[in-house]
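A.B. asks: generate coordinates for the sequence data below:
(4 chains)
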Protein chains: 2
Amino acid sequence: MADVAERAGVSVSTVSRTLRGLSSVSPQTRGRVEKAARELSFAISRSASSLVTGKTRRIAVLTPHLDSWFLGNTIAGVSGVLREAELDLLVYSVTDLAERGAFFDRLPARRNADALLVTCFDLTPEERARLDALGMPVVFVSQHVPGRPSVYIDDVDSAQRGMRHLLNLGHRRIAFLQSSDDTGFHWSSKERLTGYRKTLEEAGLPYDEELVLYPVARHRRGIREAVGHLLSLRTPPTAVFAESDEVAIEVMGVLRSSGVDVPGRMSVLGFDDHHLAEWLDLTTVAQPVEDIGRAAAELARSIIDDPEADPTRHVVFPTRVIPRGSTAPPTPPPAGAQEDPPHPRNP
Amino acid sequence: MADVAERAGVSVSTVSRTLRGLSSVSPQTRGRVEKAARELSFAISRSASSLVTGKTRRIAVLTPHLDSWFLGNTIAGVSGVLREAELDLLVYSVTDLAERGAFFDRLPARRNADALLVTCFDLTPEERARLDALGMPVVFVSQHVPGRPSVYIDDVDSAQRGMRHLLNLGHRRIAFLQSSDDTGFHWSSKERLTGYRKTLEEAGLPYDEELVLYPVARHRRGIREAVGHLLSLRTPPTAVFAESDEVAIEVMGVLRSSGVDVPGRMSVLGFDDHHLAEWLDLTTVAQPVEDIGRAAAELARSIIDDPEADPTRHVVFPTRVIPRGSTAPPTPPPAGAQEDPPHPRNP
DNA sequence: CGGCTGGATGACAGCGCTGCCAAAGACCAC
DNA sequence: GTGGTCTTTGGCAGCGCTGTCATCCAGCCG
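C.D. replies: Model prediction:
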């Protein structure tokens, strides 16, 4: 910076003021400084400036993984907003409990980021207290935490609307497939299961434990076994509601390779509106994933710009059921079919 | 740090030495310091230490997007290695030419990261020169740049092996579908196309421009139009080689929804071994994506640890054709069928 | 028993910026 | 001409660490 100052014939203070866009610099001086900076390819050292200001101009994202469609798109949304704000994006992914423990133990984000976006994570009270104690602003993504800034969808209601779509088609035995892993991450599962149960209750249908398969871990054989289990029941379900499109697509693949027609013998409903869902004709509950990322980044930005701002701001995004070819009325109609019309009345 | 020093009854120098793992600290002192640091949840300020050392302990990744299966998995691999090395991961995604220009203009990574991983990017000579001028070590990922550290697969050879699989099944008219975008990113397309051409040449087959569709942008209607184009040719191809599994899966979806049986009337071959490829029974050329990310991170790590190290190190990963249900001999056999056996001889 | 070695620790400058305050000058009112 | 205000600029301390050098003391040799 001293070099730039010398070249422009001003003091370092003036260079600093110019480069930060402060107003109290005359246009001529500004011009000379900018020219000198360009000629020397000068870039401010964030290390030095954050040492003084206490601001790092960096936002950290904490995720349980990076290789899912959901998180890829969420982070893409975050990244777009941060780029415009000239903030840097720091990514911490913790894929198992040991790493999770290590993260909250050492908390490497501390002092290295101005805010933390927590995605798909059910923080324990201790973890939350720890972040609070260190004064790290947190935005919860894809999760509703009362009293904390969060960006989310109404998972209960969304699952209910998905379920009603299946009920309206005439399905009465509907399985629910959760994807879970061994790290205690949230991933909206619980809420969607609640929506599933509530809808059954509303419709006066029994909750059958055999139809709810939760230990379907990502990247494992679990899906095939889960589908095998459903197909070997005394009365197999006529529809499967998968917690995410990725699971739903796998289920469709397994069903078709086992000779089970979709939607002829089994309807499949997903959740997300994955990029491939359209091409694979998968009915799904769509959520605006990239918008969620963008909103979370905006929230983080507003918090670090103005720490006094209301800390309880929430952004709730709507979801919608997109009917496609993977769901249809069950055939033959289940014994207990009621007066519901055989064709969808819920678009 | 002063607080920790006081609590442990030592000087800040000793705290610094302890926390950096330097050897010249007695075990008792080390224990006391670590205890004090834990009790105070102390984390070193990277800003301050990088101001002195010139090292940021951060690695930047430059990518054209974040929402593809390939990059999600690559970055997951990178992230794992960096976490173990206690390095932070900074992500810059530039999705169009304007952002790309802005990135190389301002070069925000400068002084904020110790090395840059460039993924799926064909840098222009000017861009490369600029990085060099600023002394930023670069590792090329998924791209072979002679004389620079790079991690990649042999795209030409891999495409050739994929093509030979189709030829051995008896296909003679094979389309090639590239995914492209408008930003001049590389994405291995050119090399795979070269492999396609070379294989045709070897087999004495003509190169038909009508069968090579490159303007198939991501997230666009392009795929449907491309498939429509192929199906409306005087002699449609009997097989499609897609540049990535994501494209291949979309192609399969479009074909099936158009009533074209896969592999009955059209074989589809992908590239990547996407997580869903197995479930959708897609034949593909598998590459070890996460390993590529890991190797790239290791390379970056070794470069920042030892800047004198050989700057031309390369890691080449093998690929393999995984035959699944989306490829089969063409029916009816093409007119010009040769003495090739009708069944695969290339597993 | 003095001097020397080596391991462990402390003191202190300074990395590159920013925030604060002072100063210089332009301008105006009286 | 004097005093006051406002705009623009410069000087300088200090953010929290690390690297270097100094210091201290135990242990050992001659």
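A.B. asks: from now on I want contacts and neighbour counts done on CA atoms only, so please keep to that.
C.D. replies: Noted.
A.B. asks: please point out which parts of the helix or strand hosting A:Ile249 sit buried.
C.D. replies: For A:Ile249, the enclosing helix or strand under DSSP states H and E is helix A:245-257. Under the neighbour-count criterion of 16 or more other CA atoms under 10 Å in any protein chain shown, helix A:245-257 has A:Asp245, A:Glu246, A:Val247, A:Ala248, A:Ile249, A:Glu250, A:Val251, A:Met252, A:Gly253, A:Val254, A:Leu255, A:Arg256 buried.
A.B. asks: among the residues you listed, which are in reach of chain B?
C.D. replies: Applying CA under 8 Å from any CA of the partner chain to those, one finds that A:Glu246, A:Ile249, A:Glu250, A:Gly253, A:Val254 fall near chain B.
A.B. asks: quick one, helices of chain A?
C.D. replies: Listed in chain order, the helices found in chain A under DSSP state H are A:2-8, A:12-19, A:27-39, A:46-53, A:69-84, A:97-106, A:125-133, A:155-169, A:189-202, A:222-231, A:245-257, A:289-305.
A.B. asks: just send the ones you listed back as CSV, with distance to B:Arg130 and mean pLDDT too.
C.D. replies: Below are the helices of chain A laid out as CSV (distance: least, CA to CA, whole Å; pLDDT from 0 to 100):
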stretch, distance to B:Arg130, mean pLDDT
helix A:2-8, 19, 89
helix A:12-19, 21, 91
helix A:27-39, 13, 89
helix A:46-53, 20, 90
helix A:69-84, 20, 95
helix A:97-106, 36, 86
helix A:125-133, 40, 86
helix A:155-169, 48, 97
helix A:189-202, 47, 93
helix A:222-231, 49, 88
helix A:245-257, 41, 91
helix A:289-305, 30, 94
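A.B. asks: for B:Thr194, find the nearest of these.
C.D. replies: Across those, B:Thr194 has its closest neighbour in helix A:69-84 (30.2 Å, CA to CA).
A.B. asks: off-centre distance for the closest one?
C.D. replies: Here helix A:69-84 is found 10 Å from its chain centre; the criterion is CA atoms, centre = their mean, to the nearest Å.
A.B. asks: do stretch A:288-301 as well
C.D. replies: Offset of stretch A:288-301 from its chain centre (CA atoms, centre = their mean): 10 Å.
A.B. asks: ok, A:Thr53 - how many residues close by?
C.D. replies: Counted with other CA atoms under 10 Å in any protein chain shown, the neighbours of A:Thr53 add up to 8.
A.B. asks: same deal with A:Ser23?
C.D. replies: The burial count for A:Ser23: 10, using other CA under 10 Å.
A.B. asks: excluding sequence neighbours, find me the nearest residue to it.
C.D. replies: Spatial nearest neighbour of A:Ser23, chain neighbours left out: A:Arg17 (7.9 Å); criterion: CA to CA, 6 or more residues apart in numbering or on different chains.
A.B. asks: any figure for the gap between the one you found and chain B?
C.D. replies: Distance of A:Arg17 to chain B, computed by CA to the nearest CA, to the nearest Å: 18 Å.
A.B. asks: that residue: what's it in contact with?
C.D. replies: With contacts defined as CA atoms under 8 Å, 6 or more residues apart in numbering or on different chains, A:Arg17 is in contact with A:Ser23, A:Ser24, A:Val25.
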